[in-house]
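Colleague: Quick check, what structure comes out for this input:
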Amino acid sequence: MAAPNSKLDLIRNIGIMAHIDAGKTTLTERILFYTGYTHRMGEVDDGSTVMDWMEQERERGITITSAAITCPFNKYCINIIDTPGHVDFTAEVERCLRVLDGAVAVFCAVGGVEPQSETVWHQADRYAIPRIVFINKNDRIGADYANVLKMIRERLNALPLPLQIPIGSESTFRGVVDLVTMKALLWNQELSLDYEETDIPDDMLEMAETMRDHLIEVLSEFDDEMMALYLDGEPIPVPLLKQVIRSQTLNLKIFPILCGSALKNKGIQPVLDAIIDYLPSPLDIPPIEAEQPGQETPLRLFPDPKGPFSALVFKIINDQERRKLFYIRVYSGILEPPYKVFNPRVGQEERIGRLFQMFSNKRERIDTVGPGQIAALIGLKDSITGDTLCSKDKPHYLETMEFPEPVIFVSIEPKTLADQQKLNQSLKALADEDPTFRVHIDEETGQTIISGMGELHLEILVYRLTHEFNVQAKVGKPHVSHRESITAIATHEEIVDRVIAGQPHHAHVVLRVEPGHRGSGFTFSSIVPSDILPVRFVSAVETGIRDSLGAGIQYGYQVVDIRVILVGGSFRTELSTDMDFELAAAQAFRSACEKAQPVLLSPIMNVEVSVPADFLGDVIGNLQMRGGSIEGIHPRKHMQYVTASVPLADMFGYATELRSITQGRATFTMRLSHFDVDQKKMKELAL
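Modeller: Next comes the predicted model:
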C-alpha cells in the first residue's frame, strides 16, 4: 500500500442525503457559511441557496440535480455533494454515492425515516458508505428524537449510536448534550451563530449519564482496551472514545447520531467536527478493484499519486455555452498536462481541454487533479456516464453504475419543421446528462417518445427543453411504460432454411421459456452439449433472444422476468452462420412466448401520504378509488401516515387532487415497488 499522504488524509468526500424536505440543502448552506465559503446563508424558501442554482430548483424549493462544492475547514478540504431527495431523481443519488467516501444522512425529527430516506440509506448500504446521522428540525412541533432512533433501528436495521441528546424540544429546543465530552452546547439566541459550552443542566444529568453508559457499553464490545477500562470502572479518555467511534463507523457497525435545527443554526459546528472525526479520508477506503482486459486477476488501485491513473466519469452536464462538463472522481495517479486519457470502453485515447474545481455552478481552473479528488473537465468526445478514464499502458474497467428503467413516457414533437434538428440535439444533450432519461422513435407512429422516472422528472425535462434550450415543442399526455412477461412454460422448435444470393443457410434451435419471479429480469442457459452445438452458435442464440426482448410478445413492450433454456439444436458445417442462429432464436423465442400465456405488467407504486387526522377518510377513499390497496395507517404526533400500493397509471394528477381534498395540508411520496399483471389494461387493448 502507498505510504500515507498528509494531503489525502485531510480530504473528506461526503454526500448530504435524505428524504425531500428533511433539510439537506439548508444544512449544506450552513456548512458553507461556517467553513467560510459564503458570508451569507442562503435560504431554500427565498431561492438564494448556492447549491440549488437551477431556476426550477429555486422556484420549487427542491433539489433536482446534485451539486458539488469544495470548502475548507481548518486544515481540511471537504468536498460536498448535495443530493436530491425526490424519488424521481434517485439516479442522481445513485451516481454520487458511487464516488463518495462518506455521507451525512439527514432525518426530520418529526417525520423520521421517510420512504426516500429509506431508499437512499439502502443505496449507501450497497456501496458500503460510512454515515453519520443528523436529526434535524428538533424545534418543530411534533419533534420526537427518541422515535427517530427507534425508526432507524426498525426500518433501516441499523445501530444508531447517539453522541448527542437534545436539550428541550419543539419551541424550547436550545442546544444539545455532547455525550462524548459530557458538556452542554447551548445556542442562546434564536439565530445565534456561536454556542456556549457549559455544564449539563441538572434536570438532564441523570439521563446524560445513562446515555453515556450505553454509549461506552456498545463501543466496549468492539475494543479490548475500552472494555478493560469499562469493567474496571475507570474513566474512558475522550481520544480513545473518538478513536473507537471512528473505527466502527468506518466498519459500518455503528452510525453516530447528532441533532439540531439547521434552519435556526443550531448544531452545525458539531456536524462539521463529526465529519472530520468520524468519516473516512481516501486513505481509509479499501483499495478499488478494477477489471483488466484479458486477465482474471483484478487490478488493485490505491490512492497513490505515483500509481496508474484511474478515474470514473460519474456525471455529465451541459454548461452555459452548451459544452459538456464531465465530473470525475480520481482513484489513483495524477492527471496533468498534456491531459491525455484512455477510455477502454471505446478503445480510444482522448484529449482533455481544461480541468476545473467545481463550486456548485461556478468553477475555478486547476492544473492537476490527484487521487481522492473530485473535479470536472471539458474536451472529451466519446465518454459517457459510468466510463473509466485511465492510462493507455494500464487499461482497466472500474465498476460502473446501474440505473433504474424509466416508468413513464410522453410523446414530443417540434411545433415547426425548423425546430426538428434543434429538438433532436437538445434531447441528446439531456440524455447525455441523465441516464434515466430515454429517447426513442416509435416505429409504428414515427413519434419521438421521451421516458423518465415520474411526472415531475418529465415536467422538469420539458421545462428545460423550452426554457434552457429554447425549443418550441408540443408534448403529449403522460403514459405508463408497461412490461410483458409469461405465466406458463412452453417449448418451440424453429428451423431456418433459406437461400441468400444462391447460398443455402441452415439453423435449428429448440427453446423452452419459463416464467421468472417478479424482478428477476432475463436469464439464459443452455443444456446442449458443445459437440452438438458449438459455443459460438449458443452465444448467437443468446444474442438473438436479447435483441428480441425489446420488441415484446403481443403489445410491443420490453419482456422481463423470463428464463430461456436452449434445450436442442443442430447445425451444418458449411451452411450455418451466427446470423442464421440469431434469426432462428428470435423467431423461436417469440413463438414460444406466444404459447406461454403472455401477460401485460404495469408499474405498482409505494405511496405514503402524510395527512392531518381530519382528512384521513377522504385520503383513504381517494386512494381506493384509484385502485390502491391500503397497507397501513401509522399515527405520528399530529399526523397520520397512510401507506398504499397503487398502479402508476392511476396516480396521474394526484398531487393536485390531494391538495384540493386536504386544503393543501397533506403531502405524499411515491416510488416504484414492482411490476404486476394488469388485467384491466389487457382487456382495453383486446377491444
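Colleague: Now do the SS call for residue 541.
Modeller: helix (DSSP: H, G, I helix; E, B strand; the rest coil).
Colleague: Spatially, what comes nearest to it if we skip its sequence neighbours?
Modeller: Counting by C-beta to C-beta, 6 or more residues apart in numbering, residue 585 is the residue found nearest to residue 541 once chain neighbours are left out, at 4.2 Å. Every C-beta, even on glycine, is put in place using the N, C-alpha and C of the backbone.
Colleague: would that neighbour count as being in a helix?
Modeller: Yes: when the secondary structure is assigned by three-state DSSP, residue 585 falls within a helix.
Colleague: residue ranges with poor pLDDT in the stretch 101-250 of the chain?
Modeller: Residue ranges of the stretch 101-250 of the chain with pLDDT under 70: 189-192.
Colleague: can you give me the helices for it?
Modeller: In the stretch 101-250 of the chain, the helices defined using DSSP state H, counting those that start in this stretch lie at 115-126, 145-156, 202-220, 224-231, 238-250.
Colleague: which strands and helices sit next to the shortest one?
Modeller: Okay, so that is helix 224-231. helix 202-220, helix 238-250 (3 or more C-beta pairs under 8 Å, 6 or more residues apart in numbering; DSSP states H and E).
Colleague: relative to helix 202-220, how tilted is it?
Modeller: Taking axes from the mean of the first three to the mean of the last three C-alpha atoms, to 10 degrees, one finds helix 224-231 and helix 202-220 inclined to each other by 140 degrees.
Colleague: show me the biggest strand of the chain in terms of residues.
Modeller: Longest strand in the chain by number of residues, with DSSP state E as the criterion: strand 598-612.
Colleague: And whichever helix or strand comes after that one, what's buried?
Modeller: The first helix or strand that comes after strand 598-612 along the chain, using DSSP states H and E, is helix 616-625. Neighbour counts over helix 616-625 (16 or more other C-beta atoms under 10 Å) mark 616, 619, 620, 622, 623 as buried.
Colleague: with those residues in mind, which one is nearest to residue 304?
Modeller: Proximity to residue 304 was ranked across the buried residues of helix 616-625 by C-beta to C-beta; first place goes to residue 623, at 55.3 Å.
Colleague: Make sure that closest one is actually in contact with residue 611.
Modeller: No: Residue 623 is beyond contact range of residue 611, at 10.5 Å (criterion: C-beta atoms under 8 Å).
Colleague: Spit out the residues that contact those two alike.
Modeller: residue 642 (C-beta atoms under 8 Å, 6 or more residues apart in numbering).
Colleague: can you give me the end-to-end distance of stretch 395-411?
Modeller: In stretch 395-411, first residue to last residue: 41 Å (C-alpha to C-alpha, to the nearest Å).
Colleague: In that stretch, which residues are buried?
Modeller: Under 16+ other C-beta under 10 Å, the buried positions of stretch 395-411 are 395-398, 400-401, 403, 406-411.
Colleague: ok, now stretch 412-427?
Modeller: 412, 414, 419, 422, 423, 426, 427.
Colleague: Checking my notes, the last one in a strand, right?
Modeller: To tie it back to what came earlier, the one meant is residue 427. No: assessed with three-state DSSP, residue 427 is helix; it does not lie in a strand.
Colleague: Model confidence score at it, please.
Modeller: pLDDT, residue 427: 89.
Colleague: The first one too?
Modeller: Reading off the confidence values, residue 412 has pLDDT 88.
Colleague: That one and residue 477 touch, don't they?
Modeller: No: assessed by C-beta under 8 Å, residue 412 is found out of contact with residue 477, at 11.5 Å.
Colleague: State the next helix or strand along the chain beyond the lowest-mean-pLDDT helix or strand in the chain.
Modeller: In the chain, the helix or strand scored least confidently by mean pLDDT, DSSP states H and E is helix 55-60, which has a mean of 48. Next helix or strand after helix 55-60 toward the C-terminus (DSSP H and E): strand 67-73.
Colleague: so what secondary structure elements neighbour that following strand?
Modeller: Strand 67-73 packs on helix 24-34, strand 76-82, helix 268-278, strand 354-359, strand 374-378, going by 3+ C-beta pairs under 8 Å, 6+ apart.
Colleague: Remind me what the helix or strand following the last one packs against, helices and strands.
Modeller: Once strand 374-378 ends, the next helix or strand along the chain (criterion: DSSP H and E) is strand 388-390. Packed against strand 388-390 by the contact rule (3+ C-beta pairs under 8 Å, 6+ apart) you find strand 310-318, strand 340-343.
Colleague: so how far is strand 388-390 from its chain's centroid?
Modeller: 22 Å (C-alpha atoms, centre = their mean, to the nearest Å).
Colleague: Just the residues contacting that strand, thanks.
Modeller: With C-beta under 8 Å, 6+ apart, strand 388-390 has contacts from 290, 308-313, 328, 341-345, 350, 383, 396-398, 400.
Colleague: Can you say which of those are buried?
Modeller: Here, 16+ other C-beta under 10 Å leaves 290, 308-313, 328, 341-344, 350, 383, 396-398, 400 buried among the contacts of strand 388-390.
Colleague: Surely residue 364 is in contact with residue 357?
Modeller: Yes: in this structure, residue 364 is within contact of residue 357 by C-beta under 8 Å, at 4.7 Å.
Colleague: the more surrounded of these two?
Modeller: Remark: of residue 364 and residue 357, residue 357 carries more neighbours, 18 against 10, as counted by other C-beta atoms under 10 Å.
Colleague: I'd say that one and residue 71 touch.
Modeller: No: counting by C-beta under 8 Å, residue 357 does not reach residue 71; the two are 11.0 Å apart.
Colleague: Name the residues linked to residue 67 by a beta bridge.
Modeller: residue 82 (DSSP bridges).
Colleague: nope, residue 102 is what I was after
Modeller: The partner residues for residue 102, given DSSP bridges, come to residue 14.
Colleague: ok, the residue nearest the centre of the chain - contacts?
Modeller: Residue closest to the average C-alpha location in the chain (C-alpha atoms, centre = their mean): residue 94, at 2.3 Å. For residue 94, the contact set (C-beta under 8 Å, 6+ apart) comprises 123, 401, 402, 403.
Colleague: Please consider this matter closed, and thank you.
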